[in-house]
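With the sequence up front, the predicted model follows.
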Amino acid sequence: MPLFKLKYWILAGMLLPVVLLLLALVRPDGPDYAVLERGDGFELRAYDPVRVAETAVDGAFADADDLAYPRLLDYIRGENSSGRKVPMLAPAMQQRAGDDAWLMQLVMAKEYPLAMLPRPTNPQVDLRELPQRLVAARRSGGGWDEAAWQQEAEQLMDAVARAGLEPVGEPVFARYNAAFVPGFLRRNEVLLPVER
């Protein structure tokens with residue numbers, strides 16, 4: 001290999017970690033909410049209505065993403081009634097929907113009312129609007145494994161109980177970053193719908 005080509009490969013190798021770090025540090029756009037208060041280990045947020053594309057899958061926590069995400073990705077890439085790409089926001093959300101059943105959701109761009117979103121062509125993908133709601137949120141980093149999610153969810157539920165709030169749904173695991181982002185740079189959250 002000529003020396004000048006080697007220099008370009010070395011330069012590219014040196015720049016790649018910098019580019020990945022910058023991509024990880026960019027705060028992904030998410031749904032609108034207002035922080036009402038900060039409790040012991042969580043934020044209490046008032047979320048505006050959010051539109052989601054969702055699909056349900058059976059299997060283990062770790063397998064749910066591999067089964068559900070391609071369906072949802074196909075929808076936003078054009079497997080829909082318009083045949084066009086559909087803008088989305090972070091996070092990707094996963095929650096229990098029964099024994100060994102999971103619901104995966106992608107948040108759609110806030111500029112599009114539900115009626116304006118193209119219908120999915122895959123019958124396993126649905127569109128839905130989550131109403132305005134009160135949510136307790138606990139932020140964490142690291143990996144996406146079930147043990148970490150369960151631990152964060154338990155800590156959030158304990159903090160919510162101590163604050164005198166009542167859970168009104170299942171804990172939701174929200175992931176804000178792409179899979180290539182190193183664990184220590186990831187933003188993950190456990191979200192728990194609550195009422196006072």
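Looks like it arrived, so ask away. Numbers count the residues shown, from 1 in each chain.

Buried residues in the longest strand along the chain, which are they?
Looking across the chain with DSSP state E, the single longest strand is strand 88-98. Using 16 or more other C-beta atoms under 10 Å as the test for burial, strand 88-98 gives M88, L89, A90, P91, A92, M93, Q94, Q95, R96, A97. Using the backbone N, CA and C atoms, a C-beta is placed for each residue, glycine as well.

next SSE after the lowest-mean-pLDDT helix or strand in the chain?
None of the helices or strands of the chain scores lower by mean pLDDT, DSSP states H and E than helix 3-25, at a mean of 62. The C-terminal neighbour of helix 3-25 among helices and strands, as given by DSSP states H and E, is strand 33-39.

other SSEs contacting that next one?
Counting by 3 or more C-beta pairs under 8 Å, 6 or more residues apart in numbering; DSSP states H and E, the packing neighbours recorded for strand 33-39 are strand 42-47, strand 133-140.

What pairs with whichever helix or strand comes after the shortest one, parallel or antiparallel?
Pointing back at strand 42-47 there. Using DSSP H and E, the helix or strand that follows strand 42-47 in sequence is strand 50-58. Sheet pairing of strand 50-58 (DSSP bridges) gives strand 101-108 (antiparallel), strand 126-130 (antiparallel).
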